[in-house]
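Colleague: need coordinates for the following:
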Amino acid sequence: MNKNVFKIFVLLFAMFCWQNLNAQGNAVQILEKVDDVMNAAHDQEVTVRISIFDRRGNESVRELSMIQKGSDKRMIKFLSPADQKGIAFLSLPNDNLTMYMPAFGRTRKVAGHVRNSKFAGTDYTYEDMEAKRYLDKYNPRLLGADDEAYKLELIPKDLEKSEYSKIHVTVRKSNFYPLIVEYFDKRGTAAKKLTSSDIRKIGEYYIAYRTTMEDLRSGTKTIMQITNVRFDGNLSDDLFTERYLTR
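Modeller: Have a look, this model is predicted:
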């Protein structure tokens, strides 16, 4: 190979590697900012109206309360309807997920094979409802950007635990809030799409008052509408326990 051609090849290869490393570094920084925005509050209390639509458009309505502390403690309790009231879900660090079903009067751990099941009849799975930071669970790659948003691809660090082969996240540049999250199944086919809207700034914090999760395979969707929210209420750690789960 001509020496000049070889030098050009080496230079181009080095530039390619540098660009990939730079893009990877940018992706990590972007995702870190997303995590910081999503978990900026010390704690939060939220009441949510849930509308679940089947493929024919029939609607069923539920209401739940959610409390969260930091980025890794979350408690969800159903308030209505009567046959759902009292169902509760606790997410703690290290993939520690627990359900309480009043009909059985006891708690149970969410096993690995159940994590990918639908959560209480919604289009969310237990994995979707887990409290977490993206960077703890995924390796990011920058797919592209325009004037308004970045687009990231997230690959699960533990592919065996996740039902997804990858996730695409569209992140608003102005505040690093995730606008669209697209989920791909193990075959790489688009499976679900989460869209956040009515994004408001409450004090120092951003929150989407409306989120829509669409199951692209079944044609169903779940809309969550926040009806009340409070930040930094100094929630006790005692609230995030199995004992409180059953109350």
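Colleague: which strands and helices lie in contact with the helix or strand where Y206 lies?
Modeller: Element membership of Y206 [criterion: DSSP states H and E] is strand 205-215. Here strand 205-215 touches strand 190-202, strand 221-231, going by 3 or more C-beta pairs under 8 Å, 6 or more residues apart in numbering; DSSP states H and E. No exception for glycine: its C-beta is placed from N, CA and C like everyone else's.
Colleague: can I get the ones you listed in CSV with mean neighbour count?
Modeller: Shown next, in CSV, are these (neighbours: other C-beta atoms under 10 Å):
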stretch, mean neighbour count
strand 190-202, 16
strand 221-231, 17
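Colleague: and the strand holding Y206, average pLDDT?
Modeller: In this model, strand 205-215 has an average pLDDT of 98.
Colleague: in the chain, which spans are strands?
Modeller: With DSSP state E as the criterion, the chain has strands at 43-53, 59-69, 73-80, 88-92, 96-101, 106-109, 138-145, 149-156, 166-172, 178-184, 190-202, 205-215, 221-231.
Colleague: point out where the chain drops to low pLDDT.
Modeller: 1-25 (pLDDT under 70).
Colleague: in it, which residue is most central in space?
Modeller: In the chain, the residue lying closest to the centroid (C-alpha atoms, centre = their mean) is D128, at 5.3 Å.
Colleague: now that one, nearest residue through space, not along the chain?
Modeller: Nearest residue to D128 in three dimensions, chain neighbours excluded: F119, at 7.0 Å (C-beta to C-beta, 6 or more residues apart in numbering).
Colleague: before we move on, what about V34?
Modeller: Distance criterion C-beta to C-beta, 6+ apart; nearest residue to V34, sequence neighbours excluded, is F176 at 5.2 Å.
Colleague: OK, contacts around the one you found?
Modeller: Applying C-beta atoms under 8 Å, 6 or more residues apart in numbering, we find F176 in contact with 30, 33-34, 36-37.
Colleague: from I30, how far off is it?
Modeller: Distance from F176 to I30, counting by C-beta to C-beta, to the nearest Å: 7 Å.
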